[in-house]
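# Next one to model:
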Amino acid sequence: MHYFSFHISDYMSHTAHLTPIEDIAYIRCMMIYYLHEKPLLEDIGEVAREIRMPDNIPEVTYVLNKYFTHDVGKGWTLARADEEIQKYKNKLAASSRGGKSAALVNRKSTSGGQLPTNNHKPITNNHKPIKDTLKRPNNVTKKTWEDFLIHRKNLKKPLTETALKGIKKEVSKTSISLEDALVMVQARGWQSFKSDWIEKEQKSFATTNYGEGVQKI
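The predicted structure follows:
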């Protein structure tokens with residue numbers, strides 16, 4: 001403990017008969033006791049040295065015999081201090097439990113009522129990595145495929161088997177390859193691919209002569 005309750009009136013009434021040196025010895029003995037939260041050493045000479053009063057062993061001896069209890073094999077104990085130390089430890093334990101409980105409640109509320117467990121397996125198959133659930137089409141390079149998966153993930157639209165089938169179907173309606181379609185989707189920030197998007201662009205291109213304005217062809 002780094003502090004303890006000090007009742008001045010009680011102290012004065014119980015130590016009025018002490019000499020100034022004895023009074024200092026008592027105060028220092030209590031401070032050491034509270035600081036280390038354990039009995040003082042059995043050897044009175046060592047106690048006197050610990051409280052920086054090696055030349056005042058008679059005074060230290062009187063204080064120890066007056067206010068402390070000598071427990072053989074344990075040291076000099078002070079009942080009042082032991083009670084305060086135990087209260088202090090109980091308070092710390094209660095605060096620690098309260099803090100853990102508050103943290104637990106907070107984690108529960110921010111996790112939607114679900115607390116973390118030691119089971120790190122995905123709750124459903126939807127948590128499996130995309131690469132493990134979808135096979136790369138043979139007509140798409142590994143680099144384009146991986147970039148496309150990342151692109152969908154960044155859009156918070158992970159690629160599903162149904163979505164991939166839809167893209168393949170739309171690509172089949174055009175003259176471009178699936179590889180080129182996936183590259184185009186990424187380059188233009190699209191989420192998916194629609195054949196009519198290509199048709200519109202081709203029509204627009206057919207009526208545009210870049211650098212010379214617009215003319216009918």
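
# got the contact list for the helix or strand where residue 181 lies?
Remark: residue 181 resides in helix 178-187, with elements defined by DSSP states H and E. Here helix 178-187 makes contact (CB atoms under 8 Å, 6 or more residues apart in numbering) with 137, 139-141, 144-145, 147-148, 151, 167-168, 170-171, 174, 176, 190-193. To be clear about C-beta, it is placed using only N, CA and C from the backbone, and glycine gets the same treatment.

# Which helix or strand contains residue 42?
Using DSSP H and E, no helix or strand contains residue 42.

# ok, now which ones touch it?
Neighbours of residue 42 in contact, by CB under 8 Å, 6+ apart: 70, 72, 73, 74, 75, 76.

# And the closest residue to residue 163 other than its chain neighbours, how far from residue 159?
Setting aside the residues directly before and after it, residue 163 is nearest to residue 192 in space (CB to CB, 6 or more residues apart in numbering), at 6.6 Å. The spacing between residue 192 and residue 159, counted by CB to CB, to the nearest Å, is 9 Å.

# The two: who's more crowded?
residue 159 (20 against 16; other CB atoms under 10 Å).

# if we can go back for a sec, out of the contacts of helix 178-187, which are inside helices?
144, 145, 147, 148, 151, 167, 168, 170, 171 (DSSP state H).

# Could I have the buried ones of those residues as ChimeraX selection syntax?
For the buried members of those, the matching ChimeraX selection, counting by 16 or more other CB atoms under 10 Å, is:
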select :144,145,148,151,167,170,171
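
# mind putting the ones in helices among the contacts of helix 178-187 in CSV, pLDDT and distance to residue 44 included?
Output for the ones in helices among the contacts of helix 178-187, formatted as CSV (pLDDT from 0 to 100; distance: CB to CB, whole Å):
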residue, pLDDT, distance to residue 44
144, 89, 86
145, 88, 83
147, 88, 81
148, 89, 83
151, 89, 81
167, 91, 90
168, 91, 93
170, 89, 95
171, 87, 95
